[in-house]
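Colleague: Mind folding the following:
(one chain, ligands or ions: 1)
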Amino acid sequence: MPIKPVHGGDPIPLDSPGDVATLVGHLERRDRQPAWLGDHFAFLAGTRPDRFRPFQETVVVDDHLPRWEVSYDDQCVLLAGASDRCVETLAGRLRKRWSFYDAMALAAIGTDAARVVIADLVRGGADREEFESSGVWVPPTGPAELRFTSERRAVLLELGDFPGADNPVGLPLADVVREPASSPVVWHYASLRLSEIPGLPKFGAGRAHLVAPASGCMWTLFADVGTDDRYENEQVDYEDGPDEDYAAGSPEFGVGRAVLRPYGPDLIYTNGHIQSTPGVVGVAGGPPIGLYPNPVCPSCTRLMFHVTTVENYIREHGDGFRSLYLCEDCEKIAVTATGWN
Ligand SMILES: [Zn+2]
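Modeller: The predicted structure is shown next:
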């Protein structure tokens with residue numbers, strides 16, 4: 001069974017619409033732990049989100065959200081396209097009393113109606129950053145924009161020698177930055193072929209690179225992308241300044257490749273994520289992890305579009321998550337380093 005409840009307890013099958021009704025019944029009666037339920041909902045999001053559709057209104061309108069322990073990226077799958085009745089209910093509740101759960105559900109629904117409500121709420125004084133950290137941008141006019149794809153791919157690391165790999169892990173710096181000698185970039189994690197992530201905006205470069213400066217702390221790196229996909233004009237905002245101990249000595253190159261795979265029953269769903277699946281080191285597509293401010297494009301100030309978030313295990317350098325973003329208007333990328341949550 002690909003569901004491994006984080007605090008133990010046997011999982012129940014989710015093979016039929018009736019099984020899903022049984023699961024939602026547990027949520028309504030509150031007779032199982034929220035985390036146990038949450039791992040089942042994560043599985044449903046990864047395998048058969050269509051079977052949850054009849055229960056969107058149950059969870060949202062009957063207000064089970066505070067006990068619905070489902071990560072934001074799974075909510076974005078399960079609540080996508082929920083009815084205007086859901087949107088109106090959330091809008092009404094939020095106008096009376098602010099609730100993180102209601103705000104995130106509104107973002108996860110993501111319909112035209114939901115995005116108009118979000119824009120109205122932010123322009124009326126609601127916390128813009130709360131939405132931005134979840135990948136939702138409110139422009140000066142018009143509805144809010146979702147700056148992430150609806151589809152996700154599991155990112156798996158395969159070790160070995162793969163010359164000419166689409167998504168190589170461990171490239172020489174000269175392959176990914178124009179001026180390696182003067183660049184703050186000292187490390188390459190992986191490069192991803194952007195066409196393998198459905199739903200990304202049109203971007204000039206064919207591949208984008210997850211790279212790092214010499215630092216073990218939090219930082220954000222911005223770069224322009226040249227016509228040969230190499231980075232130029234790299235700039236790093238460090239939380240604590242650079243740390244030469246993190247400069248690469250003589251790293252080994254060509255350590256492996258990243259493979260992007262659709263979600264399905266072959267992944268392991270535990271603690272609200274798929275990272276316990278052997279080989280999985282991250283997720284491509286979907287929203288950012290939602291705990292840190294997302295980068296804003298330094299050229300046009302639009303919230304940047306989330307591409308992928310991987311763990312440092314993809315190629316050891318620093319600790320925590322590494323996320324890649326792009327601005328399709330300015331052909332700019334950002335890579336961020338954040339700690340474990
Ligand atoms: Zn821009």
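Colleague: rest of the way, CA atoms for contacts and neighbours
Modeller: Fine.
Colleague: Could you check how far the nearest residue to residue 252 once chain neighbours are set aside is from residue 254?
Modeller: In space, and not counting its chain neighbours, residue 252 is closest to residue 170: 7.3 Å by Cα to Cα, 6 or more residues apart in numbering. According to Cα to Cα, to the nearest Å, residue 170 stands 5 Å off from residue 254.
Colleague: what does residue 197 give?
Modeller: 22 Å.
Colleague: for residue 293, same thing?
Modeller: Residue 293 is 32 Å from residue 254, by Cα to Cα.
Colleague: cool, residue 190 as well?
Modeller: Residue 190 is 10 Å from residue 254, by Cα to Cα.
Colleague: ok, residue 293 - how many residues close by?
Modeller: For residue 293, the count of nearby residues is 17 (other Cα atoms under 10 Å).
Colleague: what's the helix or strand for residue 101?
Modeller: Element membership for residue 101, per DSSP states H and E: helix 100-109.
Colleague: So which elements touch that helix?
Modeller: In terms of contacts (3 or more Cα pairs under 8 Å, 6 or more residues apart in numbering; DSSP states H and E), helix 100-109 is packed against helix 72-78, helix 84-96, helix 112-123, helix 128-132.
Colleague: Now find how far off-centre the longest one is within its chain.
Modeller: Spelled out, it's helix 84-96. 25 Å (Cα atoms, centre = their mean, to the nearest Å).
Colleague: likewise the last one?
Modeller: Average the C-alpha atoms of helix 128-132, do the same for its chain, and the two points are 15 Å apart (Cα atoms, centre = their mean).
Colleague: and if you look at the third one?
Modeller: Helix 112-123 has its C-alpha centroid displaced from the chain centroid by 22 Å (Cα atoms, centre = their mean).
Colleague: Residue 219 reaches residue 236, doesn't it?
Modeller: Yes. Using Cα atoms under 8 Å, residue 219 is in contact with residue 236, at 6.7 Å.
Colleague: Mind listing residues that contact the host helix or strand of residue 37?
Modeller: Assigned by DSSP H and E, residue 37 belongs to helix 34-47. Helix 34-47 has contacts (Cα atoms under 8 Å, 6 or more residues apart in numbering) with 2-9, 11, 14, 23, 26-27, 51-52, 67-71, 74-75, 77-78, 263-265, 269-273.
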